[in-house]
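Novice: Okay, sequence plus prediction incoming.
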Amino acid sequence: MKEMEEVALKEGLLKYPKPDIKFQYGTAGFRTKGDVLASVMYRMGCLAVLRSISTGGKLIGAMVTASHNPEEDNGIKLIEPGGEMLIPEWESHATAIANSSDQEIASLIRSLDEHIDARIQEGSKGGSVLVGRDTRKSSPSLTQAVIDGVHALGGRLYDIGEVSTPIVHWVVQKYNDTQNGALSPEWIETTSVNAYFDTLASAFRSSIGDVAQPTTLILDGANGIGAVMAERLAKLIEPQLKFDIRNKNGKLNYLAGADFVKTSQSIPQGIDPGKDRGKRIASIDGDADRVIYFYIDQDGMFKMLDGDRIAILMATYISDLIKSAEFSDEEIPSLGIVQTAYANGASTSYLNFKLMTVSCVPTGVKHLHHEAVKYDIGVYFEANGHGTVVFKKEKVAKLKEMLRSWESQGVSEIRRESLRNIIEISELINQAIGDALSDILMVELILKRKNISVEDWGKSYEDLPNKLVAQKVGDRFKFKTRDAERKLTHPEGLQEKIDEISARFPGGRCFVRPSGTEDAVRVYAEANSAQDAATISKEVSE
């Protein structure tokens, strides 16, 4: 670390003193009350520069958000050059730097300098950091702390303002993928956000074509940045698809949004059970990286279509396209679906019935993404509505080459159209991360192509009744899991008790896993009846 940078670092540490709080970089980055995060934000700005330098100067993302958390919370997550979540090694660095004293932090940064072969002193490419933020009141001041941290270590800063989390992931991935000169650094601040919207809208319009009866989708915006972004996208996709946006300007995530709908399994505010009966409705979360569909049937009953349903809709559609394309054994793309322990048991049974390849991994997007990229086409979703589809770049290139060959060989239109549709999905979906808006466009395209209603979609299988609760504990780190978090190893003997309780009820299943952000455990239970699921949940929690 240069002497000038060390002086700037110390000035920032005085400006953003660390409170007497222990911070932990978890699955979603740092996340807690916004009024105690300034020191963390400053230090993460510094760390983002170092992470960039360690990758040879590639662009690193920093998103200031607390996603579906209450309005008074905030947080930050750092984004890898490929658009993925921060790798585990650097999560540890983040936690160490966030919790170090002012006296310790300079030596920690020097140690990281050595870890990255002292490239910062050798004058090679410096660090580049992209920062975005959501609409929380605390976000502008906390973003400024990140910016100050980037500048303290001499990093190049790109601020794209108020955007959804998926946009930051998309821009980081796009820029680093084409850093051979196709995109200039100026593109990031002047054009990148427009490019995101243009890419999604163009792919959607091209895929769906002209429609005789345009669809109107009611969109619950959770009173967050997603509502703002949806309004911007709507202008580019009409008349093929129209958004009727509700919950735009109220209290963030309060009685609204994907997390509320999923956890409460009820209708959010802004939706009229009478007037909106039979209509298609989607709820996104505070930073627009999750989406849950639902509708109110003719009997006035709430019917939810969560991440499991979305994954199955996408996976079965892609599987059907692969079948109708009639690939040879050497050409056929591998297709896999990745779930977590939270996936409803009925969804897994349905996929097994369809003879589809299913993997189960621990909770967290980084685990799902890591598993999904093993396939030529990987579909991953958490039950909470966070997910996407990823394609191997090499496979997409081969599919495009194959399409050109098929067109010249006069292969049947049905096969060519199926192959063309697979390629279109790779262009429509945001492969960097779960993206509510991109996922919505994909769902709407499939429903239109298959000519099915939201009610038809919901009838593919019946969810097992389930219950998810958070139980406060003294120390969440005492709870250790195995088997993709479906079994506890510690505290010893607890898993046996859980199994005994679950076995008493038909279809009973329960698992307990520690929270990544607070001293609590998540207790998930399901059974053949709602009453039994609630009883299992209650007895295990006690």
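Specialist: That came in fine, so what should we check first?

Novice: pretty sure Glu91 contacts Gln24?
Specialist: No. Glu91 lies out of contact with Gln24 (C-beta atoms under 8 Å); the separation is 9.3 Å. Using the backbone N, CA and C atoms, a C-beta is placed for each residue, glycine as well.

Novice: For Gly378, give me phi and psi.
Specialist: When read as degrees, to the nearest 10, the backbone of Gly378 gives phi -120, psi 130.

Novice: Disregarding residues adjacent in the polypeptide, which is nearest to it?
Specialist: Closest residue to Gly378 apart from its sequence neighbours, by C-beta to C-beta, 6 or more residues apart in numbering: Ala372 at 2.9 Å.

Novice: Please list all residues in contact with that neighbour.
Specialist: 336, 338, 378-380, 390 (C-beta atoms under 8 Å, 6 or more residues apart in numbering).

Novice: which one of those residues sits closest to Tyr295?
Specialist: Within the contacts of Ala372, the smallest distance to Tyr295 is 22.7 Å, found for Val379 (C-beta to C-beta).

Novice: would you put the C-alpha positions of the helix or strand that that closest one is a member of in CSV?
Specialist: Val379 belongs to strand 377-381 when assigned by DSSP states H and E. Output of strand 377-381 as CSV, limited to C-alpha atoms (Å, rounded to 0.1, in the frame of the first residue of the first chain):
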residue,chain,number,x,y,z
ILE,A,377,-28.2,-25.8,-19.6
GLY,A,378,-28.7,-25.4,-15.8
VAL,A,379,-32.0,-24.2,-14.3
TYR,A,380,-31.8,-23.2,-10.6
PHE,A,381,-34.3,-21.6,-8.3
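
Novice: Name the single longest helix found in this protein.
Specialist: Scanning the chain for the helix with the most residues, using DSSP state H, yields helix 307-325.

Novice: Identify the residues contacting stretch 12-20?
Specialist: Applying C-beta under 8 Å, 6+ apart, the contact partners of stretch 12-20 are 36, 38-39, 41-42, 46, 99, 101-102, 105, 145, 148-149, 152.

Novice: In helices only, show me these.
Specialist: Mapping those onto helices (DSSP H) picks out 38-39, 41-42, 46, 99, 102, 105, 145, 148-149, 152.

Novice: now the contacts of Ala372 as JSON lines including distance to Asp320, neighbour count and pLDDT?
Specialist: Below are the contacts of Ala372 laid out as JSON lines (distance: C-beta to C-beta, whole Å; neighbours: other C-beta atoms under 10 Å; pLDDT from 0 to 100):
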{"residue": "Gly336", "distance to Asp320": "16", "neighbour count": "19", "pLDDT": "97"}
{"residue": "Val338", "distance to Asp320": "19", "neighbour count": "27", "pLDDT": "96"}
{"residue": "Gly378", "distance to Asp320": "17", "neighbour count": "26", "pLDDT": "98"}
{"residue": "Val379", "distance to Asp320": "13", "neighbour count": "29", "pLDDT": "97"}
{"residue": "Tyr380", "distance to Asp320": "19", "neighbour count": "29", "pLDDT": "97"}
{"residue": "Val390", "distance to Asp320": "19", "neighbour count": "24", "pLDDT": "97"}
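
Novice: Show me which of those residues is closest to Gly226.
Specialist: Among the contacts of Ala372, and counting by C-beta to C-beta, the member closest to Gly226 is Tyr380, at 20.4 Å.

Novice: The closest one touches Thr340, doesn't it?
Specialist: No. Tyr380 lies out of contact with Thr340 (C-beta under 8 Å); the separation is 9.0 Å.

Novice: Report the set of residues contacting both of the two.
Specialist: Common neighbours of Tyr380 and Thr340 are listed as Leu368 (criterion: C-beta under 8 Å, 6+ apart).

Novice: burial measure for Gly345, as a count.
Specialist: Using other C-beta atoms under 10 Å, Gly345 is surrounded by 15 other residues.

Novice: Correction: the previous question concerned Ser334.
Specialist: The local packing of Ser334 (other C-beta under 10 Å) involves 13 other residues.

Novice: any idea how far Asp306 is from Glu455?
Specialist: 16 Å (C-beta to C-beta, to the nearest Å).

Novice: Just want to know which of these two has more residues nearby.
Specialist: A count of neighbours by other C-beta under 10 Å puts Asp306 above the other of Glu455 and Asp306, at 26 against 13.
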